[in-house]
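Participant: Let's see this in three dimensions:
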Amino acid sequence: MASSQLERFNRLAATQALSASQLDDARAQRDVSTDDVARADAQLRQAQYEIDQSVIRAPFPGVVTERFIQRGDTCRSARRPCGWSNTADTEARATAALGLAANVHPGQAVTVREHGVEKTGP
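Facilitator: Take a look at the predicted model:
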């Protein structure tokens, strides 16, 4: 808008229907408007950067089980923001007689029963 008004004022100044000071005022207003847009754009980029930095990404698929920080807290990389559980992998712990240890090998497929539900996996 300031640029189009400046163009109109330039045409008027060419016909001497506008004073030089009015033309200078129009130029100054255009420059101020341009600076305001640049400042707002920089503030928008800064806000977007801060939003991007506020996202916490888990190292694996899972669910958050507890929070150690609240909204607005500052979180450094050494501070653990929350506890989470891995939902992609299943972990089972079982006890067995020591004599059976020779029958179990890393990576071996096993069947685990959990409350009547059977699961088979490596």
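
Participant: residue contacts, the residue lying closest to R67 once chain neighbours are set aside?
Facilitator: The shortest distance from R67 to any non-neighbouring residue, by C-beta to C-beta, 6 or more residues apart in numbering, is to C82 (4.9 Å). Quick note: C-beta positions are derived from backbone N, CA and C, even for glycine. Listed by C-beta atoms under 8 Å, 6 or more residues apart in numbering, the contact set of C82 reads 56, 64-69.

Participant: The residue positioned nearest the centre of the chain: which element?
Facilitator: For the chain, D52 is the residue whose C-alpha lies nearest the centre (C-alpha atoms, centre = their mean; 3.0 Å). Using DSSP states H and E, the element containing D52 is helix 20-53.

Participant: right, and the helix or strand after that helix?
Facilitator: With DSSP H and E, the next secondary element past helix 20-53 is strand 62-67.

Participant: Show me which positions of that next one end up buried.
Facilitator: With burial defined by 16 or more other C-beta atoms under 10 Å, not one residue of strand 62-67 is counted as buried.

Participant: What of stretch 29-45?
Facilitator: Buried residues in stretch 29-45 (16+ other C-beta under 10 Å): R30.

Participant: Distance from the chain centre to that stretch, please.
Facilitator: 25 Å (C-alpha atoms, centre = their mean, to the nearest Å).

Participant: Could you give the average pLDDT over that stretch?
Facilitator: If you average the pLDDT over stretch 29-45, you get 88.

Participant: For the chain, name the helix or strand with the lowest mean pLDDT.
Facilitator: Ranking every helix and strand in the chain by mean pLDDT, DSSP states H and E puts strand 117-121 at the bottom, with a mean of 54.

Participant: what ranges of the protein fall below the confidence cut-off?
Facilitator: 1-3, 5-6, 8-20, 23, 77-78, 114-122 (pLDDT under 70).
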